[in-house]
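Peer 1: Quick one, what's the 3D model for this:
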Amino acid sequence: MTKEHAKKCFPVYVPKDDIIKAGAKENEYNVYRICKYGILNQHAFISTYQETLERNGNTETLDLNDIGTYSTSCFEEYKDAKRMMKFFTKKNSKAILAYGKIKKETGLSQRTKDRKPKQKSHIDWWIYEKVITYTDFKEVNEGE
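Peer 2: Reported below is the predicted structural model:
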């Protein structure tokens, strides 16, 4: 991906050069995503940065130098996603877990442990603007 292509694909606030420099690519991963508000829709795939802007607009609590802040968090391993679900359901009992595929054409992605070795199965996904992602996911029911 060239810098020029990235500029056309991402919102203006996303640090495109840093993401590319870090090694993110158009990968394909099977992942779990926590839908914090209990609905599997496009809004369930917003980035941490976008979510903070929507919630209270106070980005001072975020590390704006960390490219992961601008990504949508996913997990390759069910156990890691389930552990984080427990954390989120304490704040919002409506949260659900979805399973699906990050496709190459939906954005850039990277295993977070490529930058932060202590991360387990976390995936950072920088979703291109105007791309529909939720249709590639299904809700995971307990016991599946």
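Peer 1: in this structure, which spans are helices?
Peer 2: Using DSSP state H, the helices of the chain run over 3-9, 16-21, 48-55, 78-91.
Peer 1: helices and strands around the second one, which ones?
Peer 2: Just to be clear, that refers to helix 16-21. helix 3-9 (3 or more C-beta pairs under 8 Å, 6 or more residues apart in numbering; DSSP states H and E). In short, each C-beta sits where N, CA and C put it, glycine included.
Peer 1: tell me the mean pLDDT for the helix it packs on?
Peer 2: For helix 3-9, the mean per-residue pLDDT is 67.
Peer 1: re the thing from before, just say which of the helices of the chain is most tucked in.
Peer 2: helix 16-21 (a mean of 17; mean count of other C-beta atoms under 10 Å).
Peer 1: How about the contacts made by the residue nearest to residue 51 when sequence neighbours are not counted?
Peer 2: The shortest distance from residue 51 to any non-neighbouring residue, by C-beta to C-beta, 6 or more residues apart in numbering, is to residue 36 (7.9 Å). For residue 36, the contact set (C-beta atoms under 8 Å, 6 or more residues apart in numbering) comprises 44, 51, 88, 92, 94-95.
Peer 1: With adjacent residues omitted, what lies nearest to residue 127?
Peer 2: residue 107 (4.2 Å).
Peer 1: Give me the distance between that neighbour and residue 57.
Peer 2: Look at residue 107 and residue 57: by C-beta to C-beta, to the nearest Å, they are 24 Å apart.
Peer 1: Of these two, which one has the most company?
Peer 2: Neighbour tally, residue 107 and residue 57, criterion other C-beta atoms under 10 Å: the higher count belongs to residue 107, 25 against 8.
Peer 1: for this protein, what are the low-confidence residue spans?
Peer 2: 1-8, 142-144 (pLDDT under 70).
Peer 1: all strands for it, in order.
Peer 2: 29-35, 72-75, 96-102, 107-111, 122-127, 137-139 (DSSP state E).
Peer 1: out of these, nearest to residue 22?
Peer 2: Among the strands of the chain, the nearest to residue 22 by C-beta to C-beta is strand 107-111 (6.6 Å).
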